[in-house]
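Novice: sequence unknown, structure follows:
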């Protein structure tokens, strides 16, 4: 943590941009090479020196946690953006497709966090609340519009997608999960 952060002030704009660039590059690197991706390569690709990376993220564990939290925050925030710009059923579908990408991020990061900190439940707990709130809001809106049946449990949608990821036997499980999103949406329509 730098001095300005410890004093309770917002980080400088350039420091914030560096941090965001590092997180984006780290996500791509971890997705491509796994959680053991080279931190020096991440710094280089982000256009910062290793010192800048380590100032923001002193350890691999902190970088992994920050990537995970950042991705979950983006996913939760997408609910509001989609709600404002899309009809209810389209917003739900678009958000579920983003959730598939989030599953991939968690699958890469969770084993590394298990190894590094033993039990990453605390890291994941705050994100779960954000995600649950987002899916509930999307489903509630779709129910209100008549697009989705009233007895749908929002968590069933997430469980189905996580289930596909957990039983995946091939690296292309995401394609199957994306098809499942449409099946879930169709299956969630009101029975007439």
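Specialist: Structure's in. What do you need? Since this is a predicted model, take the numbers as computed values, not measurements.
Novice: the bottom helix or strand of this structure by mean pLDDT?
Specialist: Least confident helix or strand, the chain: helix 3-6 with a mean of 45, by mean pLDDT, DSSP states H and E.
Novice: Poorly predicted segments of the chain, please.
Specialist: 1-11, 108, 110-123, 167-171 (pLDDT under 70).
Novice: which residues touch residue 37?
Specialist: Neighbour list for residue 37: 26, 29-30 [criterion: C-beta atoms under 8 Å, 6 or more residues apart in numbering]. Placement of C-beta: from N, CA and C, glycine included.
Novice: Among those residues, which one has the most neighbours?
Specialist: Within the contacts of residue 37, most neighbours by other C-beta atoms under 10 Å means residue 26, with 25 neighbours.
Novice: mind checking which helix or strand that residue is in?
Specialist: In the assignment (DSSP states H and E), residue 26 maps to helix 13-33.
Novice: Residues contacting the helix or strand that that helix is followed by, please?
Specialist: On the C-terminal side of helix 13-33, the nearest following helix or strand under DSSP H and E is helix 39-46. Counting by C-beta under 8 Å, 6+ apart, helix 39-46 makes contact with 18, 21-22, 24-26, 29, 49-50, 52-54, 60, 63, all of which sit outside it.
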